[in-house]
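*Asks:* A structural model of the following input is requested.
(2 chains)
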Amino acid sequence: MPRRDGLDEQKLIVAIVGRETALAAINHTTFVVENAEPLLSVSGLSSPGRLDQIALSAKPGEIVGLAGLLGSGRSEILHAIFGADPAANGCVVIAGRPVGQTIPASMAAGVVLVPEDRVRQALFADESIRWNTTLPNPAPVSALGLFPIEALEEQRAAMIISTFSVAAPNAGVPVAALSGGNAQKIALGRALAAECRVLLLDEPTAGVDIGAKADIRRAITEIAAKGTAIIVAISDFEELLAVCDRVLVVSHGRIIAERHAADTSEHELMALAGGLTN
Amino acid sequence: MAELTHAQPLASMTPTWRKRLKSFSLGEAGIYYALALILIVLTALSRVLESQNFLDPANLANILYQASFVAIIAVPMTLVLISGNFDLSVASTAAISAACVLLLSDEIGIFPAMLISLVPGILVGLVNAAVVQGLGINAFIVTLATMTALRGVLLIITGGHTASANDREALWPLKWIENGFWTVPNLLWCGGAVAIVAGALMWWRHRRALSLFWVVVGAALLVAGCFIDASWPLAKPVYYMAAVTAVAWCVTRFTIIGRRLQAVGANPEAARLMGISINRYRTVPFVLNGLAASFVGLLFAARLGAVLPNAMSGMELTVITAAILGGTSLFGGSGSVLKSVAGAIVLYTLVNGFDILGLGTSYQGIIEGVVLIIAAAIYTIGKRGRRG
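*Replies:* Next up is the predicted model:
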């Protein structure tokens, strides 16, 4: 993208959002626990017609990026790790324990997925923010894990709304009344409010305004700081490099290259993902 | 932020108040208004025409009795509809069970016959669910097929004749379940007890003000019950209807199970990605629906003592009509068992009203059709208003 002198992304964000805090999310510090065993390790993960022998790992606090073109298999990798691809076969190990290839098993092992298409895959448009934040993880706001208690639901929803500065008058508003960016913040905030060990994020910043992008990136690094392993797919390679510690390049359902974020550039990633270099 | 503008005028009110007002809106509570309106109109008409008093407790009890069969199935049918499915096979299932219990009672005794007659319902539910979920065929088509096939099965097992038991005396346990009344000892005491239990639950759910309100109301009713005797004999099926409704309402309204059921109907993909088992949440309603249909089949056999091969045909549509009158979406994701039961009561209030006013049954169909269209129109327009 051609730029005018003196107006880089950081300044643009600060100019629009008017907050110095936005910068903190961009000047990314790493939280990888280098000498730890991998928290997530995947090997031989294949799915007919979609994925071929995917192997990857992530240490506690590490943010691993998946770089690839549209349809390269980034979302498919995340879904297969999460157990959401019934045709997938392979080995997913979390904290040394193999995990079954089903969604409930993955969730029980502490894996959380924030899917790409929030309207179709993550949220219930007619229902309130409160309803949507309770559904995937009812236990902390319910009596006996079965009866949701409105006051507690309200509390948690309000916490998510304020942490992510969601533009909503209250937690009773239906999600359909929110803008795309605000709906995404709800989907993400809901996942981040849960205690998780492995977080899989599919395009967490797509269709979100630039201020919200900064909020979301800051939230991602905060989660990593707690020792969660994060796998994230973002189409914008510049943004991906700003968020991640390490990048895996995906093409035609295979991982074809691995780079440390500090040692590569968006141009190199673009060339790799497009199949221009080896 | 443009999307938010229509929510702005309401934003100044507290969320609870807004919710309370919303639950009284035409789109939300329309069926209760309709019931009240129909009762008022029919009462006025019965006074003007000087026919039998429509509001007589015995007549109201009769309406509840007439509505109970349809209402008992309408409850699980609502669950099926919420989960995003559809079931046309209930009337055939009920007829099969009715024939089974009468034909089997001579062979194996009435108690085993009653138990075995519940099996067809469970089986039909499982088959429906397996074909709909396993093969991914539309539920309308699958249950249309099971409905037709089961009528054929019924023709075979009855040989095309009326099914009945030779030893009618032995049918007494079946008769006991359906025939007769249990008297509500004192309506005021019962209402008071329910209100106090509701109050206690509200307290547990951290709704302190509402809880106190209900406890005070309950205490007032208990005291009033000491001075006014308001006993009300109700037919036994009415109690079954009340029990089924109460359990289903509590589960759908207050538990996470109800929310998951709604989630599965509203957005199956999102529900799946939250680890909710779509198959389980769509199979169980089918099985419950079949079981309820079988139970109603037993009640039907007990009421008439004989079953024609075309018994109860068309009832599946009455059940679905009741659910639609109650505002249940045919596309899944929303519905209320309480309102479906209210829908069934509305239908039978109309039937009863026509009987009392001496209007022919020929007008009944017309009025029911008009009522259904009006209800659907109100819900559709109400929804449009909400979406803005």
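
*Asks:* okay, CA-based contacts and neighbour counts for the rest of this
*Replies:* Fine.

*Asks:* so who does the residue in chain B that chain A sits nearest to touch?
*Replies:* Here chain B gets closest to chain A at one residue, B:Ala270, 4.1 Å apart by CA to the nearest CA. Contacts here follow CA atoms under 8 Å, 6 or more residues apart in numbering or on different chains; on that basis B:Ala270 touches A:Arg120, A:Gln121, A:Ala122, A:Leu123, A:Phe124, B:Ala263.

*Asks:* same thing with B:Leu330?
*Replies:* The neighbourhood of B:Leu330, defined by CA under 8 Å, 6+ apart, consists of B:Leu81, B:Ile82, B:Gly84, B:Phe86, B:Ile324.

*Asks:* can you tell me which of those residues end up in strands?
*Replies:* With strands identified by DSSP state E, none of the entries of the contacts of B:Leu330 belong to them.

*Asks:* and those residues, which two are the farthest apart?
*Replies:* Largest separation among the contacts of B:Leu330 by CA to CA: B:Gly84 and B:Ile324, giving 13.7 Å.

*Asks:* hmm, back to that, buried residues, the helix or strand hosting the residue of chain B closest to chain A. List them.
*Replies:* When secondary structure is defined using DSSP states H and E, the element that contains B:Ala270 is helix B:268-273. By neighbour count, with 16 or more other CA atoms under 10 Å in any protein chain shown as the criterion, the buried positions of helix B:268-273 are B:Pro268, B:Glu269, B:Ala270, B:Ala271, B:Arg272, B:Leu273.

*Asks:* hang on, the earlier thing: now the buried members of the contacts of B:Leu330.
*Replies:* Buried residues within those, defined by neighbour count using 16+ other CA under 10 Å: B:Leu81, B:Ile82, B:Gly84, B:Phe86, B:Ile324.

*Asks:* so where is the chain shaky, pLDDT-wise?
*Replies:* Answering for chain A, as no chain was given. In the predicted model of chain A, residues A:1-28, A:277-278 satisfy pLDDT under 70.

*Asks:* meant chain B actually
*Replies:* Under the criterion pLDDT under 70, the flagged ranges of chain B are B:1-23, B:27, B:205-206, B:384-388.

*Asks:* and it, what are its domains?
*Replies:* Under automatic domain parsing, the residue ranges defining each domain of chain B are B:29-185+B:231-387, B:186-230.

*Asks:* so for A:Leu69, which of the ones you listed sits nearest?
*Replies:* Proximity to A:Leu69, assessed across the domains of chain B by CA to CA, is greatest for domain B:29-185+B:231-387 (23.7 Å).

*Asks:* just say helix, strand or coil for the residue of the stretch 101-250 of chain A found nearest chain B.
*Replies:* With CA to the nearest CA, the shortest gap between the stretch 101-250 of chain A and chain B falls at A:Gln121, namely 4.1 Å. On the three-state scheme (DSSP: H, G, I helix; E, B strand; the rest coil), A:Gln121 is labelled helix.

*Asks:* pretty sure B:Asn233 belongs to a strand, no?
*Replies:* Careful, residue B:233 is Pro; it's not Asn. Yes: according to three-state DSSP, B:Pro233 belongs to a strand.

*Asks:* that one: neighbouring residues, count only.
*Replies:* Burial of B:Pro233 is recorded as 15 neighbouring residues (other CA atoms under 10 Å in any protein chain shown).

*Asks:* what's the closest non-adjacent residue to it?
*Replies:* Nearest non-adjacent residue to B:Pro233, counting by CA to CA, 6 or more residues apart in numbering or on different chains: B:Thr183, 3.9 Å away.
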